[in-house]
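A.B. asks: generate coordinates for the sequence data below:
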Amino acid sequence: MRILAISGSLRAASSNSAVVRAATVLAPEHVDVIVYDGLGTLPHFNPDLDVEPLPPAVAELRAQVGDADALLISSPEYAHGVPGSLKNALDWLVSGSEIVHKPVAVINASTRAAHAHASLTETLRTMSTRVVEDASVTLPLSPTQRDEAAIRADPRLAASLRSALSALARAVG
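C.D. replies: Numbers count the residues shown, from 1 in each chain. Reported below is the predicted structural model:
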């Protein structure tokens, strides 16, 4: 089983990127978590460019989403919203069929990021994905737990992420 993990942050030391990297290690035995790293290379969404041949970065995004059995998205909150770079990626997926009915886990790396979490969940539902509630969790990261190793080392955080990944895998079938 293949899960594509997407961090909604472009920041090098992002806690959301740390969460998706930790997921690659904490995934169940039969699950491969692949981290999508092309968020910053996507052009600004423009319907005039959403024609064949697609911009290469867009074609790669759609191919990776299409090859995945499920998605795991961990996003920060900026000004009570989803970061523009993540929304841009989702906009590029709207007219394709790759994401339709795909099971998705929405991971929140901050207890204070409820607005973006709700907004992202609404956007994904509007795009006809299957947001898996049991796989969508909030990981209350402390200031000292903002890297992959610290997330994996904390029994509570690791168990919560493992549980989310298992629930997502069950949703795939």
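
A.B. asks: and the helices in the protein?
C.D. replies: 15-26, 56-67, 84-93, 114-126, 148-153, 155-172 (DSSP state H).

A.B. asks: comparing those helices, which comes out most buried?
C.D. replies: helix 15-26 (a mean of 24; mean count of other CB atoms under 10 Å). For every residue, glycine as well, the C-beta is placed using N, CA and C.

A.B. asks: what angle sits between that one and helix 84-93?
C.D. replies: 60 degrees (axes from the mean of the first three to the mean of the last three CA atoms, to 10 degrees).

A.B. asks: with adjacent residues omitted, what lies nearest to the residue nearest to the spatial centre of the chain?
C.D. replies: For the chain, the residue nearest the mean C-alpha position is I73 (1.4 Å; CA atoms, centre = their mean). Of all residues not flanking I73 in the chain, I6 sits nearest, at 4.9 Å (CB to CB, 6 or more residues apart in numbering).

A.B. asks: quick check: that neighbour touching D37?
C.D. replies: No. Look at I6 against D37 with CB atoms under 8 Å: they stay out of range, at 9.2 Å.

A.B. asks: of these two, who's got more company?
C.D. replies: I6 (27 against 13; other CB atoms under 10 Å).

A.B. asks: can you tell me how far that one is from G173?
C.D. replies: 22 Å (CB to CB, to the nearest Å).

A.B. asks: just the pLDDT for the residue nearest to E60 when sequence neighbours are not counted.
C.D. replies: Among residues not flanking E60 along the chain, G38 sits closest, at 5.9 Å (CB to CB, 6+ apart). With respect to pLDDT, G38 has a value of 98.
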